[in-house]
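S.K.: structure for the following, please:
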Amino acid sequence: MEQIEIPYEVKLDAFTGPLDLLLHLIRKHEIDIYDIPVSLITQQYLEYLQLMKELNLSFAGEFLVMAATLIQIKSRMLLPQEAESLSEEEEGEDPRSELVRRLVEYQQFKEVAGQLSDREKFWRDMFKRESQHVAPVREVLMDEVSMFDLLGALQEVVIRTETQVVVNITPETLTVQDRINLIVERLESNPSITFTELFDDATTRLDIIVTFLALLELVRMKLIRIFQGDLFGPIRISRTFLAEAGVEEAGSPKESDGPDSMNHGGVKGNGYH
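M.R.: A predicted model of the protein is given here:
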């Protein structure tokens, strides 16, 4: 399918680095971190990068460096042992060893950081600062859900949609704003829906991209909460706004610097900062 050009840059603080993506893939496929099937991981990694590029998600050059590293490791593992020009000290060394070392070290740091974060939340809740003027705080919660989890779920939706036979008679103008309003309307009548339910009416790849961008905009606007009950279980989306707030309030351009519109020629709008 022809790639859709989307002049639309998305920047989210929750977007993490290439090692996080690799750890996500390892957990998703239940792979032993000390025995990584490089061919599978490289293919999955490149598919994620392609999806990120198609959505015009902003990612650092380190993602491309990691892609080159994976391809190099894959190439070394495909070469016959006798064909490799290795010194005696390097002979027999697993090409994956350095990558495994980095992943294990990074995973350990993440676990420690998570423990410190849990402890900080515990003490923060125990010793609350008293204030005469307490303003309600509406947080965006992505409980146990990373951007890579969303991309993985989106990838499954794309595959499912492309297997369907759809005949488009007349072209439709798709706007991110309309999709935002549609999602908010659905959340007004049902406070919680699954990620895949957002794409029930999506018949083309463009429909999927517009809907996903609308979802990211709602995250940035702090109007929805994304969570996952079980590891790699269904991703659910719930509202953080009051049902009577209405679609107009949620989708109002005054409330956000969100995207303008999207048609078959592309998307126009502001980035996410």
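S.K.: list the contacts of Tyr48.
M.R.: By C-beta atoms under 8 Å, 6 or more residues apart in numbering, the residues touching Tyr48 are 21, 25, 148, 151-152, 155. The way it works is simple: take the backbone N, C-alpha and C, and place the C-beta from them, glycine included.
S.K.: then the helix or strand hosting it to PDB, C-alphas only?
M.R.: Element membership of Tyr48 [criterion: DSSP states H and E] is helix 38-54. Output of helix 38-54 as PDB, limited to C-alpha atoms (Å, rounded to 0.1, in the frame of the first residue of the first chain):
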ATOM      1  CA  VAL A  38      18.200 -11.500  16.400                       C
ATOM      2  CA  SER A  39      16.400 -12.200  13.200                       C
ATOM      3  CA  LEU A  40      12.900 -11.900  14.800                       C
ATOM      4  CA  ILE A  41      13.800  -9.000  17.000                       C
ATOM      5  CA  THR A  42      15.400  -7.100  14.100                       C
ATOM      6  CA  GLN A  43      12.300  -7.600  11.900                       C
ATOM      7  CA  GLN A  44       9.900  -6.500  14.600                       C
ATOM      8  CA  TYR A  45      12.100  -3.500  15.500                       C
ATOM      9  CA  LEU A  46      12.200  -2.300  11.900                       C
ATOM     10  CA  GLU A  47       8.400  -2.700  11.600                       C
ATOM     11  CA  TYR A  48       7.900  -0.500  14.600                       C
ATOM     12  CA  LEU A  49      10.300   2.100  13.200                       C
ATOM     13  CA  GLN A  50       8.300   2.000   9.900                       C
ATOM     14  CA  LEU A  51       5.100   2.500  11.800                       C
ATOM     15  CA  MET A  52       6.600   5.400  13.800                       C
ATOM     16  CA  LYS A  53       7.800   7.000  10.500                       C
ATOM     17  CA  GLU A  54       4.400   6.600   8.900                       C
END
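S.K.: please identify the buried residues of it?
M.R.: Of all the residues in helix 38-54, those buried under the rule 16 or more other C-beta atoms under 10 Å are 38, 41-42, 44-45, 48-49, 51-52, 54.
S.K.: what's the next secondary structure element after that helix?
M.R.: helix 62-78.
S.K.: packing partners of that following helix?
M.R.: Counting contacts by 3 or more C-beta pairs under 8 Å, 6 or more residues apart in numbering; DSSP states H and E, helix 62-78 packs against helix 18-28, helix 38-54, helix 97-126.
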